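Chemist: Next comes the sequence, and after it the predicted model I'd like to discuss.
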Amino acid sequence: MTISIKHACLCTTALGFAMAAACSRPQSTAELKQMPAGKEYSGFLSSYANLKPNPNFENTVSYVKPDEAKNIHKYIAVIVDPVELYMSTDADVSKMPDRGRTALAEYFQHAIKEAVWDAFPIMMEPGPLVLRLRTALIGVDVGAEITAGDKSKEDGALERMVNIGKVGVEMELVDSETGEQIAAAVDRQNLGQGASVGSASFSREEKFQAAKEALDGWAARLRAFLNSAEEVSKEDAARADASYHPYGEEAAAKK
């Protein structure tokens, strides 16, 4: 989708400041929760009530607010919140390495920012016409212990793998001032099949390439969802065309 003129103009002036601000605050240890037993969803989203199957994305349910007064088209910037992690229901939370989960969340947040900044300039503070993007990786699991021989030569080797092979994503865009849900999606396209993280510096190591590709892939799908949410429907396009009368109402009546 072609980015709207309002976003393109804002990006030119805001990018330098926004990216500098985004890098100025280090992220603390990633928050870790656990999937409720027997539940379809994690409970991360503010609401799941309006989610419906999305015909454009396999294994995805989504919602985009249709209200003309307050929908995704009206916003001009976004805050990208730290990514939250939800362990799989049966996982042993005590065995999840802090450095591993933090590295995972930080990399995904970075991938998201790279995917969305040219559509929505990234801001740090809430304000009028600013969205807040909330994202969670759902179903993270603890992998096998890492033997001394298999440990990374890079600094930050973990004691156990972080398994993201069956992870999905829950995300929503809310109004940064009111918290009202503007768009949401639950993506169960398991792009990370077989992917795992064994080092806090996994993004620089070839043997964890599958994990990096999975996170980049989810970020790309999130951007594709934003693009589709911003597209004008055929019905809206027809109404806009019908209401456009550059030569006045009388000329339109003579058609």
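Modeler: All right, it came through fine.
Chemist: Now do the same for residue 143: helix, strand or coil?
Modeler: Per DSSP: H, G, I helix; E, B strand; the rest coil, the secondary structure class of residue 143 is strand.
Chemist: Counting neighbours, what do you get for the closest residue to it other than its chain neighbours?
Modeler: Using C-beta to C-beta, 6 or more residues apart in numbering and skipping residues adjacent in sequence, the residue nearest residue 143 is residue 161, 2.8 Å away. For every residue, glycine as well, the C-beta is placed using N, CA and C. For residue 161, the neighbour count with other C-beta atoms under 10 Å is 21.
Chemist: Against which helices or strands is the helix or strand hosting residue 161 packed?
Modeler: Element membership for residue 161 (DSSP states H and E) is strand 157-163. Helices and strands touching strand 157-163, by 3 or more C-beta pairs under 8 Å, 6 or more residues apart in numbering; DSSP states H and E, are helix 98-116, strand 130-145, strand 196-199.
Chemist: Mean neighbour count, the ones you listed: which tops it?
Modeler: Looking across these with neighbours counted as mean count of other C-beta atoms under 10 Å, the highest average goes to strand 196-199: a mean of 25.
Chemist: partners of it, with directions?
Modeler: Using DSSP bridges, strand 196-199 pairs in its sheet with strand 157-163 (antiparallel).
Chemist: Adding distance to residue 51 and mean pLDDT, write the helices and strands packed on strand 157-163 out as JSON lines.
Modeler: Below are the helices and strands packed on strand 157-163 laid out as JSON lines (distance: least, C-beta to C-beta, whole Å; pLDDT from 0 to 100):
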{"stretch": "helix 98-116", "distance to residue 51": "20", "mean pLDDT": "93"}
{"stretch": "strand 130-145", "distance to residue 51": "14", "mean pLDDT": "92"}
{"stretch": "strand 196-199", "distance to residue 51": "29", "mean pLDDT": "86"}
